[in-house]
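In: Quick one, fold the following:
(chains A and B)
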Amino acid sequence: MHQKASSSQSSAGFSGSGALSHVYIQYPPLRCSIPGARGLFYDDGNKLLLSPTSDQVFSWKTSPFAADVAPTFDSVNEGPILSVRHSLDAKFLAIQRSTNEIQFWNRETGNTFSQRCKSESESILGFFWTDCPTCDIVFVKTSGLDLFSLDSELKSLHLVESKRFNVSWYIYTHESRLVLLSSGMQCKSFTGYQLSSAGIIRLPRFEMAMAKSEANSKPVLAADDVHVVTVYGRIYCLQVDKVAMLLHTYRFYRDAVVQQGSLPIYSSRIAISVVDNVLLIHQVDAKVVILYDVFSDSRAPISAPLPLLLRGFSRAMTSSSQSSSKGAETSEAHGLNGTESVVYGDGWSFLVPDLICDTANGLLWKIQLDLESISASSSEVPSVLEFLQRRKLEAHKAKKLCLAIARTIILERRPVSMVARAIDILVTSYSYSIKTGSYFKGMRAEKSSSSGVPQVKKPSSTADVSASRADTHGKSVKYESSSGTRYESVKSSTYPASDSEDDMSTEPKKISSGNSPLNTDITGDQDSQVTSAAISPDEMYSFVFAPADEEMAGDSSYLVAIIVEFLRSANSEKIKVHHNLYVLIIQLLARSERHTELGLFIINKIIEPSKEVALQLLESGRQNIQTRKLGLDMLRQLSLHHDYVLLLVQDGYYLEALRHARKNKVNTVRPSLFLEAAYASNDSQHLAAVLRFFTDFIPGFKDTSDHNTYCRILAEMNSSVAV
Amino acid sequence: MGLSSVSTVTEAIKFCIFDLRRGQNEGQELDKILFFFPADLPFSTQLSVIGLSEGLITFTRIFSPEAACEVIEAEGHSHVFHEAEQDIWMVMVVERCKESEAIWRIDALRRVLKEVHSLFVMFHGSIRALLDKEPSGGLVRSHLYSFVMDYLSDFLIGKKLQLPNFRDSLKERGTVQMLTVGREAAIEVQSLVTVLESCAGNAKCYSMILFQDLLVSTTLSPEDTINLFTYTVLRLSPRALSCGMSSWTHLRKGNASSQAETGSISAHSGAVLDQFYHSRDASSGGDCSNYIARPLQHGKWTKGKDGFLVTDIWNAGPGSSISTTPTIWLHQTEERMYLCAFQHRNLTLLFLIPVSSIPNREQGVSIVKQQILENASLKILKVEEKLSKGWGGENAYHVSGYRYLILDGDRNVSRASPPAKVATLTKDSLVALTKLRGEVDSEKSRAKWDGLNHDKDLEICIRAKNNAWVIARVTRAKELYMVLEKANETLLYASDATENFSNRYCNGAFSFN
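Out: Numbers count the residues shown, from 1 in each chain, chains lettered A, B, ... in the order given. Sure thing, here's the model as predicted:
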């Protein structure tokens, strides 16, 4: 049975891009089981996985993700540990010892101090470190929030501010810097704060919608049912409604929370990950995952629900089962035992944004997108390209896929209109990446989106906000477009806009100019060859058009039509096109003898003039004098006088050449060329004129051998005429 | 037909087409006449004109077997010769008169001959082919008669046939006038062309796009472009369509009166003439079996509701309601093509589909039309809008102070001052220009026969009687003619003016030192 399972997996593993899955976790995982560990904690502020034992706290860096990363450890006092987090500057370790005590541990000096809550009536629900300018750490208590600043000298916390209200439970993600506090009987009333380096923003109170199974039942919302995700720099809240079997989405703006519609769910247990701005909704019971790209307005999934694939494991499995017969114990050293390889096992907890922690087995997996299979699963080329262009994590792969797709549709001779749409997408994407600078610097979108902190956005007008607030239950998708995002959807309808740049007020811009040190951990973690998937015109030429030309030899009109569409796109985006593309057009048109059209292309400047273009016209004009003349004219208009004069002489227009040479002071062309041409025309008067010209205008010409030779020739010509 | 009535008045112009291979035996001389204008001249007169022409051709062939005479200038008349097809000659005889408007440039007249022949071939195929089809000559005569008469009716001013004279010296027949378009618009146009030509599936189609009377884009060969462009400007462009509408009643009237007169004339020329052009009256009379399509007939094209231009010219007969799509012959590929024309405001799109590619004829054509409407409509709107925005109006190409004509012999393109501006020139300037152009023409043809494949550079500046500067510059197949009235008297001034013009409007193509 085991064999069977592994063989089926291996086929999936080899093909890689089969229709079996769109998302995978790569073997090997990070192993984080320590003997005597008292649970695993994830510190998302520092992206550390922490595992405390009785007197030590082990920590693994999870970003960049590597299976073989060695843990570091801090020694701490013994005691219960409810929660543990490093401070953002990594100097302190905060350990929640009980519901009313948090202990701080200076990692350099080893000094400790504790902070207790005074009142008996309140208890600490949790805490998190923040990069907010006014405070360093926030305690979430049943009675509200306490914001403290840390005084490392005095080894104490200083209460900056406290915000009082009842809290049933809370959720916080460092990614969004957003803390959501639940209250009320059903725990469906929410208050939210964003504590970012830009300051503290209080979100308006809002209620989540919950369907009732019966008239009198009042379901209570659990913390597990609410997820905060950050996609394309926007913050969403996803709420699982188990009765209605719907996933309600809310988007946070600076002073409004707007419902965005709902997605269907097929499992009562739902987990959510975000990989490279793609929303992954794990239908845990059904053991499938559905992908959404919420960038566009469409709420349709990217593709059909497919299982999560464990990739790369099967080969290890087979090798280990070859070496040792088959025993869970022996293979554990290299492979995984039966329970460990179970996808969506009971011990799985999903960490923000894209990690899975198998708490039962002490494994940490990172979820990855299989771009090949996603792009292969859809025949809608334009939407696939849009999707790929938005990918940042595997930008290189996305780019290669885009190029391959573009080449394929041309080679398959899809209708020009369809190819044109595909090209439009690539060109707009490139243009966008140029504007944001991500193409040149290979920067990640998150970095450009002002200090990596997604900002809650501000709707454009308050009237709209009140309208959208009033109707949180109705079809508020419409309100969304009328309130905050209209501007955005017009301006960057296709691209992962760093939203905060687009429609956030001026505040984040100030921050984005100076990189605050707290962001370094966010931006520094992905420095491995990350570039944008955008494709430059040069790359379009060398990886799409030039190969297509080679393979399609023969019919050029189709390719010309495609290139014209490309030029149209590039022109509308004001992107310069390299002259090698123009040279290619000339070759294609000349090859099919379409000289009239070529003329129009040149005269109307569809093909922009350059020396290379002119030389290609001259080359292609060997069979067609008009085309050759276009090339000559272009040389003249570009003021490439030397080449122009030389070509005129070669064509026998030596008098014009001489005139032009004199006018533009070209003295780099050898006199003998003119003299030869004049001699070849067999006109002694012209030869004499040319000779005279050089004698008059070039000092010392009289003493050259050219002068003597041609004087003699001239004399012979005259004497033969006389005879 | 409108012309027969005039013909008796203006004997000043005679126009004939004859075949040297026919009627070589005595008594059969009439056989060689394929067309004669005025048709009501007695055959003896017709034969004497043709006899003289034939004699001249035979005589000059002794010295120049390749190219016989082009023109004979007698004291009272000029004979302009054009060998349209091998042994098929077109001869125009015009009166020379110093005082009147009858000051001609021979090459302009020859271009008229060339034009009517090219258009005829485009619609009906070559004269020789028609002769081979029906050796008696009846078919070709009836075709030529209706076609040439329709063509000549365009030169009718009042009751007088006015051929291009000195007043047209800043025009060049047989060239194309182009619209100057910006890069962005040009790319849009090119994109539209792609869409258009993909509408008919895999068949090799051609297209031509005009804005008003100016060419925007073409995928046809240069010859075909000129022919189709000429036809479009004559009959299909928005201006031609509105002209056709307004002059309809006038033509009707003319037609009716001419009918009466031709009747009276044919009464004394007798049955011979009837037999000669036996189906001449078919279009207005009853004889349906010999119906001849008259593509140049006025007022026959209208714009349909769907934007396509429709005509009943090619319908099976005058009474027939089944519309037939026009077909034309392509000069380059010798292929027969369906001609579809679509018009949106100022934009005229011509679309040619090979007849061979559409098996079910009319049905197939309408499918293609449907495709065009579906696929290209948006682009057509966009292109029209773009071009209209960039269009500088009637006087867009006027350069103040200059009256000019630029000819690009390589591309068969010309651009000239707008006619209204040319009309402000005095007769003296225009006559001087006509003479100058005549000189350049003969210089050019001399260079051609000398076998010099080099285009010669030429520059002539003339101070005309009225103190206007008349300038010609020819360089590498490009020609610039210019009249500067009210200009400074120094030659340097004239030369500078030309230089400036060349630099600013011709990319320095005519700049000499």
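In: CA only for contacts and neighbour counts going forward, please
Out: Will do.
In: Could you list the single helix or strand in the chain with the lowest mean pLDDT?
Out: The chain I'm using is chain A. Using mean pLDDT, DSSP states H and E, helix A:520-523 stands out as the lowest-scoring helix or strand of chain A, at a mean of 33.
In: please go with chain B instead
Out: helix B:248-269 (a mean of 38).
In: distance of residue A:381 from chain B?
Out: The gap separating residue A:381 from chain B is 20 Å, by C-alpha to the nearest C-alpha, to the nearest Å.
In: residues contacting that residue?
Out: When contacts are counted by C-alpha atoms under 8 Å, 6 or more residues apart in numbering or on different chains, residue A:381 touches A:405, A:422.
In: swap in residue A:193?
Out: By C-alpha under 8 Å, 6+ apart, the contact set of residue A:193 is A:178-180, A:200-203.
In: Look through the stretch 201-350 of chain B and state the residue closest to chain A.
Out: The stretch 201-350 of chain B approaches chain A most closely through residue B:219 (6.0 Å), counting by C-alpha to the nearest C-alpha.
In: re earlier: need the buried ones from the contacts of residue A:193 selected in ChimeraX.
Out: Listed next is the ChimeraX selection for buried residues among the contacts of residue A:193, using 16 or more other C-alpha atoms under 10 Å in any protein chain shown:
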select /A:178,179,180,200,201,202,203
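In: what's the closest of the contacts of residue A:193 to chain B?
Out: Using C-alpha to the nearest C-alpha, the contacts of residue A:193 come closest to chain B at residue A:203, 46.3 Å.
In: Quickly list what that closest one is bridged to.
Out: Taking DSSP bridges as the rule, residue A:203 bridges to residue A:192.
In: what's the answer for residue A:172, then?
Out: Residue A:172 has the following beta-bridge partners by DSSP bridges: residue A:179.
In: How about the residues of chain B by chain A?
Out: B:180-184, B:186-188, B:190-191, B:194-195, B:217-222, B:410-411, B:454, B:507-509, B:512-513 (C-alpha under 8 Å from any C-alpha of the partner chain).
In: 6 Å - rerun?
Out: B:183, B:187, B:194 (C-alpha under 6 Å from any C-alpha of the partner chain).
In: ranking those residues by neighbours, who comes first?
Out: Highest neighbour count within the residues of chain B next to chain A, by other C-alpha atoms under 10 Å in any protein chain shown: residue B:187, with 25 neighbours.
In: Could you give the secondary structure assignment for it?
Out: Here residue B:187 is helix, with the state taken from DSSP: H, G, I helix; E, B strand; the rest coil.
In: before we move on, back to that, which members of the contacts of residue A:193 are the farthest-apart pair?
Out: The two members of those with the most space between them (C-alpha to C-alpha) are A:180 and A:200, at 13.3 Å.
In: after the host helix or strand of residue A:688 comes which helix or strand?
Out: Using DSSP states H and E, residue A:688 falls within helix A:684-697. The first helix or strand that comes after helix A:684-697 along the chain, using DSSP H and E, is helix A:705-722.
In: Would you mark the buried spots in that following helix?
Out: A:706-707, A:710-711, A:714, A:717.
In: With stretch B:456-473 instead?
Out: For stretch B:456-473, using 16+ other C-alpha under 10 Å, the buried residues are B:456-457, B:459, B:461-464, B:467-473.
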